[in-house]
Structure formats: C-alpha cells, structure tokens
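Peer 1: Need coordinates for the below:
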Amino acid sequence: IKMDDVLFGMMRMNNHVVMNGIGIWHDSFESKINPVVDFYFLRRNGLILDSIFNRRNGFRIGAYYMRILLHCIKKQGNKEYFFTKMAIEDFLKGPDMFSTVKGEDILSIPVTNYFEHPDSKNPTAESLLKNNTLKEIHNSIRICLRLSTEWNSVSENYKKNIHYYSSEEFWRNI
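Peer 2: Residues are numbered from 1 along each chain as shown. Now for the predicted structure:
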C-alpha cells in the first residue's frame, strides 16, 4: 500500500531501460481518498524509501516532518496530524515493526475515536488540536528531534534488513 511500486522499481533498476510515455489506467485518486492510506502508509513508506536510498539526512527529514506536523496543527488537520505522527513512530520502531504492526489493523482504526478530547462532554473530531495546541506542538518537536537524531541508526537497520523483509520467506511466515 503506497510506495510499494516505487520501492520495487528502485530496487530493480540496476539494468533496466526506462521508457517515457508508458502508463496504466486506473480509477482517479480522488475516488480513493482514505486518511489511513493517504497519510499513514504514504508517509511511513516514504520514510522507509528515504532511509534505504539515502535520499535525505536526519536533519532534513526532521525539518520536513516538523513542517508537516506544524501545518496540521495550524489548520487543525487532526487526521493528517495523527496518522503522520503514527507513521513516524512506527518507522522509528525499525523494520521489526513489520512483524508486529499489521496493515489490516491500521486500516481498521476507527478514525474519530482518536480525536476526541478526554475532558469534553461532547467530543468532536476537531477537539484534539483545538484544545491541545501547545501540547501537540511540544509532541511534534519531540518526535521530529527523535527522528533527526535516530535517523542514521534506524536507516542502517532498514538497509540491512530490506531484502529479508521483501522476501517471499518473510511474507509466507507473516
């Protein structure tokens, strides 16, 4: 889900000819909007690609995600904020996360349950960032600093293990 085709192409591009103008026909992306897929899987898998192929360093990746999270807080994009933060946290668990975090469990998350403020008598999807702005800014800074400082070691772990986690053996065991 999200970026798997990019990973496959990048891993197999050693001796291939790339031709422009070849494409596929599929449903429009607008008909497939899903916050879990669009925010969680796209961002988690993007982090994995960046780490495997050295596309960014720890400082740049931390700053990039800090900008995304602060933008979510500013526009009160609760779903985007929650799933982006969750994607970073799962990425930081390293590739062993694939053995413990199941995609079907993530896809079945009841999104609105995560945005209700615990003190509210009538919680709404808008209450998380509206009522906890300073706390979530602090959480964003903390997780992005962690992403920046742990980037090199986590990236090395993904690089060392990508062939196992993309092998038939691993997926048969799962």
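
Peer 1: what helix or strand does residue 18 sit in?
Peer 2: Under the criterion DSSP states H and E, no helix or strand holds residue 18.

Peer 1: where does the residue nearest to residue 79 when sequence neighbours are not counted land on pLDDT?
Peer 2: Distances taken as CB to CB, 6 or more residues apart in numbering put residue 35 closest to residue 79, at 4.1 Å, once the chain neighbours are dropped. (Each C-beta comes from the backbone N, C-alpha and C, glycine too.) Looking at residue 35, its pLDDT is 75.

Peer 1: And the one 3 residues further on, by the same measure?
Peer 2: For residue 38, the pLDDT comes out at 81.

Peer 1: The residue nearest to residue 79: how many residues sit nearby?
Peer 2: Neighbour count of residue 35, defined by other CB atoms under 10 Å: 15.

Peer 1: Surely it is in contact with residue 78?
Peer 2: No - applying CB atoms under 8 Å as the test, residue 35 and residue 78 come out as separate, 9.3 Å apart.

Peer 1: Which pLDDT value goes with the residue nearest in space to the middle of the chain?
Peer 2: In the chain, the centroid-proximal residue (CA atoms, centre = their mean) is residue 44; its distance is 2.2 Å. The model reports residue 44 with a pLDDT of 91.

Peer 1: what's near enough to touch the closest residue to it other than its chain neighbours?
Peer 2: In this structure, residue 44 finds its nearest non-sequential neighbour in residue 87, 3.8 Å apart by CB to CB, 6+ apart. Shown in contact with residue 87 (CB atoms under 8 Å, 6 or more residues apart in numbering): 39, 40, 41, 42, 43, 44, 47.

Peer 1: From residue 173, how far out is residue 87?
Peer 2: 24 Å (CB to CB, to the nearest Å).

Peer 1: rewinding a little: now do the contacts for the residue nearest to the centre of the chain.
Peer 2: Counted by CB under 8 Å, 6+ apart, residue 44 has contacts 87, 88, 90, 91.

Peer 1: ok, now with 7 Å
Peer 2: Taking CB atoms under 7 Å, 6 or more residues apart in numbering, we find residue 44 in contact with 87, 90, 91.

Peer 1: quick one: secondary structure of it?
Peer 2: Classification of residue 44 using DSSP: H, G, I helix; E, B strand; the rest coil returns helix.
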